[in-house]
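[1] here is my input; please provide its structure:
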Amino acid sequence: MAHVVFLRAANVGGRNVFRPAQLVAALKHLDAVNIGAVGTFVVRGRSSAAAIRSEILKRLPFEPGIAIFPARVVLELVQRKPFDGATLSKDRRGWAAALCAAPKSKATLPIERPPGATWSVRFEELDGRFALGLWQRQPRGFVFPNQVVEKALGVPATTRFWETFERVAAVLNAKG
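    All right, here's what the predicted structure looks like:
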């Protein structure tokens, strides 16, 4: 069964630096494919989530949070098209945060940060272990969705803009 792997806080701000291409080369036996620069991988070979986690951790010089999902779960999310009604652009983007564990807190949604008409992050929905929402550019600073999700749900998460999820689905669909 194929899996999708999301590393938390890797290659961000000069911390937890690694080379995704080198990791994928080391995981060649698992038919791994790198998506982007921050630690998103499709593992197409037959393996368990626990075995994939172990393989990744023994090859990295740091211990990241890791969220691993069966490929079908990610494909179902993408096929649902959660942002179909939204107008997206370079200044307004959809995002999904992969939770590294089940939520510890129940959030009352939507959550806007900062609150009000000039929000930068809007956390709109929880779908299993994925948080979803919108991000929009604001002139006075950057709020990243991960901060909002982790505070609201009490668990580590790792956020990707929606285009990454679409790229993951394209890789999965190309193989199968």
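
[2] what helices or strands is the lengthiest helix in the chain leaning on?
    If you go by DSSP state H, the chain has its longest helix at helix 162-175. Helix 162-175 sits against strand 40-43, helix 71-79, strand 92-99, with contacts defined as 3 or more CB pairs under 8 Å, 6 or more residues apart in numbering; DSSP states H and E. In short, each C-beta sits where N, CA and C put it, glycine included.

[3] contacts for the second one, please.
    For helix 71-79, contacts defined as CB atoms under 8 Å, 6 or more residues apart in numbering pick out 1-4, 42, 96, 127-128, 130, 165-166, 168-169, 172-173.

[4] one more time with 7 Å
    Residues outside helix 71-79 that contact it (CB atoms under 7 Å, 6 or more residues apart in numbering): 2, 3, 4, 127, 128, 130, 165, 166, 168, 169, 172.

[5] turn those into JSON lines, columns for distance to residue 100, pLDDT and neighbour count.
    Formatted as JSON lines, these follow (distance: CB to CB, whole Å; pLDDT from 0 to 100; neighbours: other CB atoms under 10 Å):
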{"residue": "2", "distance to residue 100": "20", "pLDDT": "96", "neighbour count": "22"}
{"residue": "3", "distance to residue 100": "14", "pLDDT": "98", "neighbour count": "25"}
{"residue": "4", "distance to residue 100": "13", "pLDDT": "98", "neighbour count": "25"}
{"residue": "127", "distance to residue 100": "16", "pLDDT": "96", "neighbour count": "13"}
{"residue": "128", "distance to residue 100": "13", "pLDDT": "95", "neighbour count": "12"}
{"residue": "130", "distance to residue 100": "12", "pLDDT": "98", "neighbour count": "20"}
{"residue": "165", "distance to residue 100": "17", "pLDDT": "98", "neighbour count": "25"}
{"residue": "166", "distance to residue 100": "22", "pLDDT": "97", "neighbour count": "13"}
{"residue": "168", "distance to residue 100": "17", "pLDDT": "98", "neighbour count": "26"}
{"residue": "169", "distance to residue 100": "21", "pLDDT": "97", "neighbour count": "19"}
{"residue": "172", "distance to residue 100": "21", "pLDDT": "96", "neighbour count": "19"}
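
[6] pick out the most distant pair among the residues you listed.
    Spatial extent of the contacts of helix 71-79 (CB to CB) is set by the pair 2 and 127 at 19.5 Å.

[7] returning to what we had before: highest mean neighbour count out of the helices and strands packed on helix 162-175?
    strand 40-43 (a mean of 24; mean count of other CB atoms under 10 Å).

[8] what's the angle from the longest helix of the chain to helix 71-79?
    Relative orientation of helix 162-175 versus helix 71-79 (axes from the mean of the first three to the mean of the last three CA atoms, to 10 degrees): 120 degrees.
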